[in-house]
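[1] no sequence on this one, just coordinates:
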């Protein structure tokens, strides 16, 4: 099967690490394994059958605790659609599944390195993100 898109470029569009104080850093360091990962994907059409896709990851403490750190990365990917006869559903699958499967390993590596370089212990995200499953949940 021929690939229906080509990744033209990708880059870190925005990056945020928020550790308000030394006390919060020490507290967050202890509880960082309880933080949860969130993913948000947005798009913006461009000229010449190109689409900008922003994949945002945020890693934060889901509790109501006031002492917390926050980490977020917005990763931009520009793709060119090769097949001009795609239906909307195929385009959604390309954006939400195919592109994500291709960029996510590198994005996760960058994000975890940033958290580590901010002074936190080596993190491993417990489960791999299944973009196909997320897409199917979105439909139901």
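    Sure, I can see it. Since we're looking at a predicted model, the values are computed, not measured.

[2] can we go C-alpha only for contacts and neighbour counts from here?
    OK.

[3] A strand includes residue 65, no?
    No - per DSSP: H, G, I helix; E, B strand; the rest coil, residue 65 lies outside any strand segment and is coil.

[4] ok, longest helix in this protein?
    helix 99-117 (DSSP state H).

[5] list the buried ones in it?
    99-101, 103-104, 107-108, 111-112, 114-115 (16 or more other C-alpha atoms under 10 Å).

[6] Among those residues, which pair sits farthest apart?
    Maximum pairwise distance in the buried residues of helix 99-117, criterion C-alpha to C-alpha, is 23.8 Å, between 99 and 115.

[7] and residue 54, what are its phi and psi?
    Here is the backbone geometry of residue 54 (degrees, to the nearest 10): phi -110, psi 120.

[8] From what I see, it and residue 79 are in contact.
    No - in this structure residue 54 lies outside contact range of residue 79 using C-alpha atoms under 8 Å: 11.1 Å.

[9] what stretches of this protein score poorly on pLDDT?
    Along the chain, segments meeting pLDDT under 70 span 1.

[10] Quick one: the helices in it, in order.
    Counting by DSSP H, the chain has these helices, from start to end: 22-31, 88-93, 99-117, 131-139.

[11] Of the ones you listed, which is nearest residue 58?
    Nearest of the helices of the chain (C-alpha to C-alpha): helix 99-117, 9.2 Å.

[12] Now do the closest one: which elements does it pack against?
    With contacts defined as 3 or more C-alpha pairs under 8 Å, 6 or more residues apart in numbering; DSSP states H and E, the packing partners of helix 99-117 are strand 70-81.

[13] Partner strands of the strand it packs on, with direction?
    strand 5-18 (antiparallel), strand 50-60 (antiparallel) (DSSP bridges).

[14] So what angle separates the directions of the longest one and helix 22-31?
    Right, strand 5-18. 130 degrees (axes from the mean of the first three to the mean of the last three C-alpha atoms, to 10 degrees).

[15] just the last one next, same as before
    Angular relation of strand 50-60 and helix 22-31 on a 0 to 180 degree scale: 100 degrees, by the same axes, to 10 degrees.
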